[in-house]
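J.: Predicted structure and sequence below. I'll ask about it afterward.
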Amino acid sequence: MLNRFRWYRREPPVCRTHLRREMSSGKKGFQSVRLLAGVGLTSLATLMLQVSLTRLFSVSLWHHFAFMVVSLSFLGFGASGTFLMMTHRGRVLSLNRTSGALTFTLSLFILVCYWCSNRLPFDPARIMWDPYQGLYLVAFYLVLAVPFSFAGLTLGY
């Protein structure tokens, strides 16, 4: 009868004890602290981008487009997760080089994609009369989803 309830007494997750051991040991602990700091700073940069775009859209575009940023981040993270799932099998790359390159690319694409979105002639006041404004809206949406997809690649790898 006690064997049926054995699942109730589980061991703590391996991740916590393994992480604690790595952080307490010498060089491996330093590498895991660097990794955790990189993940934290990348997450902070992504959240700051999301809040900044929300504020900018509520001022420059109508307040209805400010809520588009949440779906932009979902689209970017979903696209990066799909990409990682499709291409990550069997590939072993150096974590330091790959994460550094992805983080650098993320910082570049934040600036480039914001610049490109400002160059698009999207005007929400003309969206009912101009048939091209729908295409501009889709391009606006896809261009601004690229930094979130690189953030997802950085955090997912």
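T.: Now that the structure is in, tell me what you want to look at.

J.: and stretch 143-154, what's its mean pLDDT?
T.: The average pLDDT within stretch 143-154 is 93.

J.: Show residues contacting that stretch.
T.: For stretch 143-154, contacts defined as CB atoms under 8 Å, 6 or more residues apart in numbering pick out 42, 45-46, 49-50, 53, 69, 72-73, 75-81, 83-84, 99, 102-103, 105-106, 109-110, 113-114, 116-117, 120. Every residue, glycine included, has its C-beta placed from N, CA and C.

J.: just the buried members of those?
T.: 42, 45-46, 49-50, 53, 69, 72-73, 75-77, 79-80, 99, 102-103, 106, 109-110, 113-114, 117 (16 or more other CB atoms under 10 Å).

J.: where does the protein have low pLDDT?
T.: Residue ranges of the chain with pLDDT under 70: 1-30, 88-95.

J.: Now with 90, please.
T.: The chain contains residues with pLDDT under 90 at 1-39, 56-68, 84-103, 122-128, 130-131, 134, 154, 156-157.

J.: Now do the buried residues in the lengthiest helix in the chain.
T.: Using DSSP state H to define each element, the chain has its longest helix at helix 27-60. Residues of helix 27-60 classed as buried under the neighbour-count rule (16+ other CB under 10 Å) are 32, 38, 42, 45, 46, 49, 50, 53, 54, 56, 57.

J.: Kindly tell me how buried residue 124 is, as a neighbour count.
T.: 14 (other CB atoms under 10 Å).

J.: Run through the residues that contact it.
T.: 61, 62, 64, 65, 133.
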